[in-house]
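S.K.: sequence and predicted structure are below.
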Amino acid sequence: MSTGGKDRLDAFPVYCVPVTFPCVIVHGGAWNVPQDRTQHTLESVQTAAKRALKLLERSPNDGPCSSLSIDAVECAVRYLEDDGMFNAGYGSCLCADGSVEMDAFMMDGSTLRTGAVACVSRVKNPVVLARSVMEQTPHCLVVGQGAERLAQQLHIPMVPSPMEMISDVSRKEWESFRHNFEGAVDTLFLQQQAQHDTVGAVAIDAQGNIACATSTGGITGKRNGRVGDSCLIGCGGYSDSRYGGVSTTGHGESIMKVTLARDIIFGIQSGQDPCTVMQHCLQDMYERVGGKGGAILLSRQGQAVVGFTTSRMAWALACHRHHDDVPTTTTSGIDATSSSTTMGNDICTTRRE
Ligand SMILES: NC(=O)C[C@H](N)C(=O)O
């Protein structure tokens, strides 16, 4: 993949869906999902979104947490980390030497508290540790051995050996790309071969608190110690309850260069239409630095937006509708043509002319 800018990006999908709160949106990574993986990928993000919505529907007094949206994004991401078919938690991509190094991020948009971890190998659910960094330390990002020591101190579940986080799928990908990080990037984002991808979620509770979370194993063949965008504030995610929340996925080095998540929230903050913001930010990342990827956004104004410049990105949205007989609606999709909705004609697909 070129690290320089590209002149032109072909048409790409941006979905905009009006939402009511509480509401949660989940993604399973922007990449070229092969046909035989689409169903599983889609079903898993749908289940993650529905489970997370259940938490959002609790009364705020049911738990010790000030924001149900934090519980919801943790629930969705943890579910996908355990799935094994995503590049997060169990089944994460492998580094050049065949080891696992996972990154995760969480942000509470009402307080701007942030927690993140990078290069952890034995933490069963990195997103749980990211939340603990946010809630139980004065820090924003803790990495490597220090992060694993923190997990031990806080009794966060860890596996006895990093080998237990490695799936057959990730091992196969490593065999193809262990000496070829650039090849892995091209294959993941441009061509269609069996790989798997990053996960993320954004939630708004009934009070308007917005949280986001992202988790990844990075990209196969990465150098040991390489930290991607997913755990970096403003890159892999950003939440500000006044404007919205974002989780991103794609070529990490490109996302970092344009601080994609913050760029999207900044567009909303400047009063631009969320759909247009998504389109411009993804387009800009490609034209400036040649990076492909995708993002999910929930805006405080009540819009869910999904955009991706890869051929596919699985996403699912679950909302509580107070005012009709059916309390929960879900909307989901995986490519430019297929999307299902129970919300009527409220999906629009916009494309670059
Ligand atoms: N596929 C991904 O989203 C990978 C992740 N953004 C990284 O570069 O670490």
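M.R.: Received the coordinates, thanks.

S.K.: the one residue in the stretch 251-353 of the chain that gets nearest to the ligand and Met285, how far apart?
M.R.: Proximity of the stretch 251-353 of the chain to the ligand (Cβ to the nearest ligand atom) peaks at Gly252, 2.3 Å away. Glycine gets a C-beta too; all of them are placed from N, C-alpha and C. From Gly252 across to Met285, the span is 12 Å (Cβ to Cβ, to the nearest Å).

S.K.: kindly report the same for Arg78.
M.R.: 28 Å.

S.K.: and if you look at Ser215?
M.R.: For Ser215, the distance to Met285 - Cβ to Cβ - is 21 Å.

S.K.: more neighbours: which of those two?
M.R.: For Ser215 versus Met285, neighbours defined as other Cβ atoms under 10 Å are more numerous around Ser215 (33 against 28).

S.K.: looking at that one now. What's its pLDDT?
M.R.: The model reports Ser215 with a pLDDT of 98.

S.K.: neighbours around the closest residue in space to the residue of the stretch 251-353 of the chain closest to the ligand that isn't next to it in sequence, how many?
M.R.: The shortest distance from Gly252 to any non-neighbouring residue, by Cβ to Cβ, 6 or more residues apart in numbering, is to Gly228 (3.3 Å). Applying other Cβ under 10 Å, we find 24 residues neighbouring Gly228.

S.K.: with Cys23 instead?
M.R.: Counted with other Cβ under 10 Å, Cys23 comes out at 28.

S.K.: state the phi and psi torsions of the closest residue to the ligand within the stretch 51-200 of the chain.
M.R.: Residue of the stretch 51-200 of the chain nearest the ligand, by Cβ to the nearest ligand atom: Thr198 (3.3 Å). For Thr198, the backbone dihedrals (degrees, to the nearest 10) come out as phi -50, psi 150.

S.K.: hmm, it is touching Ser230, no?
M.R.: Yes. Assessed by Cβ atoms under 8 Å, Thr198 is found in contact with Ser230 at 6.0 Å.

S.K.: which neighbours do the two have in common?
M.R.: Thr214, Ser215, Thr216, Thr249 (Cβ atoms under 8 Å, 6 or more residues apart in numbering).

S.K.: which residues of this structure lie near the ligand?
M.R.: Contact residues, the chain versus the ligand (Cβ under 6 Å from any ligand atom): 29, 197-198, 216, 218-219, 228-230, 249-250, 252, 255.

S.K.: try 8 Å this time
M.R.: 29-31, 87, 93, 103, 188-189, 197-198, 216-219, 222, 226, 228-230, 236, 248-253, 255, 293 (Cβ under 8 Å from any ligand atom).

S.K.: tell me which of those fall in strands.
M.R.: Gly29, Ala30, Trp31, Asp103, Thr216, Thr248, Thr249, Gly250, Gly293 (DSSP state E).
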